[in-house]
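**Q** Just the structure for this:
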Amino acid sequence: MKRFRNIAKWLIVVIILTIWQFSNVPEYLLPKPSTIVSAIVEQWDVLLDHSIFTLGEALTGLILGLVFGTGIASLMYFLKPLAGVLYPVLVLSQAIPIVAVAPLIVIWFGFGYWTKIGTVTFMCFFPIAVSSYEGFRTVDPEALELFKVMKANRYQIMRFLILPHTLPHILSGLKISSAYAVVGAVIAEWLGSEKGLGVYLIRAMNTFRADRLFSSVIIIVFFSLLVFKTVDHISKIITPWLEERRLKV
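**A** Okay, here's the model as predicted:
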């Protein structure tokens, strides 16, 4: 059954690409798949240079989002009065559109490399912080009381109770953020940069090169999926007990 579903999925993709390839839509509106592939091959060295730059921004911002997100979640858990102050601020921060925040970041910190990283960090921070805090907050109080009765120290409570329970929540937030990271880097590059897929997109748009525009979009989607799948694979390695539960179910 699984094999049949895989064949069906690929068959649908082939049918869509075939219809697209032989459609009569003008190429300046919708380039054919063969034209897009040719543009990628023709501009491969340029695209690779821009891609490495954007991917570096995305991964650095994602890691910083993880550090700040889990750090803030830990503070809210261990300092309960602080949660009442910080949590509404976190929610409020997400009500502000990134297109409104990004120009402010540029005004404050300029057009440098770390400005783009700051934008990505801002986008990745909230899902990780909220998901991590939810993990801390839902630790079983009876299990926590049992550890205290058994004279477990803080390290043992953290190592054997809080961390195993919270880690899946942290990784869940990280997976959500990983889907935003590359897109966040591209948005940051739109506001001002010398290199990156965002810059390549703007140049393709300004020169009305729809084939290059589509090629850059495809590469952005590819890297977004690559980062997401990498984080998902790492999460399966770090939390093998969850994978065992899924297999049993």
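**Q** Tell me where the model's unsure across this structure.
**A** 1-2, 102, 242-249 (pLDDT under 70).
**Q** any idea how far the most centrally placed residue in it is from residue 50?
**A** Among the residues of the chain, the one closest to the centroid is residue 178, at 1.8 Å (CA atoms, centre = their mean). Distance from residue 178 to residue 50, counting by CB to CB, to the nearest Å: 20 Å. In short, each C-beta sits where N, CA and C put it, glycine included.
**Q** Residue 63 now?
**A** Noted for residue 63: a distance of 21 Å to residue 50, by CB to CB.
**Q** same deal with residue 161?
**A** Distance, residue 161 to residue 50, using CB to CB: 46 Å.
**Q** Give me the distance from the helix or strand that contains residue 54 to the chain's centre.
**A** Taking DSSP states H and E as the definition, residue 54 sits inside helix 44-78. Centre-to-centre, helix 44-78 and its host chain are 8 Å apart (CA atoms, centre = their mean, to the nearest Å).
**Q** Next: stretch 165-178.
**A** Distance, centroid of stretch 165-178 to centroid of chain: 11 Å (CA atoms, centre = their mean).
**Q** so what's residue 169 up against?
**A** By CB atoms under 8 Å, 6 or more residues apart in numbering, the contact list for residue 169 reads 131-132, 134-135, 138.
**Q** Please apply the same query to residue 167.
**A** Counting by CB under 8 Å, 6+ apart, residue 167 touches 135, 238-239.
**Q** Most neighbours among the residues you listed, which one is it?
**A** Highest neighbour count within these: residue 135, with 23 neighbours (other CB atoms under 10 Å).
**Q** Just to check, that one is in contact with residue 161?
**A** No. Contact between residue 135 and residue 161 fails when scored by CB atoms under 8 Å: they sit 11.7 Å apart.
**Q** all helices in the chain, in order from the N-terminus.
**A** Taking DSSP state H, the helices of the chain run over residues 2-21, 33-42, 44-78, 80-94, 98-109, 113-137, 141-149, 154-157, 163-190, 197-206, 210-238, 240-248.
**Q** burial of the residue lying closest to residue 64 once chain neighbours are set aside, as a residue count?
**A** Excluding its sequence neighbours, the residue lying closest to residue 64 (CB to CB, 6 or more residues apart in numbering) is residue 121, at 4.4 Å. Using other CB under 10 Å, residue 121 has 25 other residues around it.
**Q** Thought residue 69 was touching residue 121, still the case?
**A** No. Contact criterion CB under 8 Å: residue 121 and residue 69 do not qualify, at 9.1 Å.
**Q** circling back to that earlier point, helices or strands next to the helix holding residue 54 in the packing?
**A** Under the contact criterion of 3 or more CB pairs under 8 Å, 6 or more residues apart in numbering; DSSP states H and E, helix 44-78 touches helix 80-94, helix 113-137, helix 163-190, helix 197-206, helix 210-238.
**Q** buried ones in it?
**A** By neighbour count on 16 or more other CB atoms under 10 Å, the buried set for helix 44-78 is 47, 50-51, 53-55, 57-66, 68-70, 72-74, 76-77.
**Q** What angle do helix 210-238 and that helix make with each other?
**A** 40 degrees (axes from the mean of the first three to the mean of the last three CA atoms, to 10 degrees).
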